[in-house]
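K.L.:
can you look at this prediction? I've put the sequence above it.
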Amino acid sequence: QEIENLLITHPKVTDVAVFGIPNTEFGEEVKAVVQAADAGDENLAIDLIEFCRKNLSHIKSPRSIDFIKEMPRHPTGKLYKQALKKAYWPERS
């Protein structure tokens with residue numbers, strides 16, 4: 001939540017979700033999925049990671065950022081984070 005609260009303050013971020021994804025070395029790593037105000041900014045991921053590292057511990061900062069056109073939301077407006085996580089976690093048998 002702390003990372004989401006920070007990233008949403010960035011002027012080029014419209015919406016954001018942060019969660020853990022699998023990492024072979026550490027078990028999990030921090031991933032941010034961002035709905036950007038300007039989809040054409042090629043350096044935005046680098047800028048946002050640096051923004052996080054200036055304001056948070058490096059351990060808390062996302063290791064990578066993906067971009068999405070529109071965040072999945074329930075009809076009530078609540079972010080459907082499980083739909084985002086599903087793309088990064090392998091199916092469990």
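P.N.:
That came through fine. Numbering: from 1, shown residues only.
K.L.:
give me the below-cutoff pLDDT ranges for this protein.
P.N.:
Where the chain drops to pLDDT under 70, the residues are 91-93.
K.L.:
which elements pack onto the longest helix along it?
P.N.:
The single longest helix within the chain, with elements called by DSSP state H, is helix 44-55. If you count contacts as 3 or more Cβ pairs under 8 Å, 6 or more residues apart in numbering; DSSP states H and E, helix 44-55 packs onto helix 2-7, strand 27-36, strand 64-67. Placement of C-beta: from N, CA and C, glycine included.
K.L.:
and the ones you listed as a markdown table, adding mean neighbour count and distance to residue 80?
P.N.:
Formatted as a markdown table, those follow (neighbours: other Cβ atoms under 10 Å; distance: least, Cβ to Cβ, whole Å):
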| stretch | mean neighbour count | distance to residue 80 |
| --- | --- | --- |
| helix 2-7 | 16 | 15 |
| strand 27-36 | 18 | 12 |
| strand 64-67 | 16 | 16 |
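K.L.:
identify each buried residue in the helix or strand in which residue 22 is found, please.
P.N.:
Residue 22 belongs to strand 13-23 when elements are defined using DSSP states H and E. Judged by neighbour count using 16 or more other Cβ atoms under 10 Å, the buried positions of strand 13-23 are 13, 15, 16, 17, 18, 19, 21.
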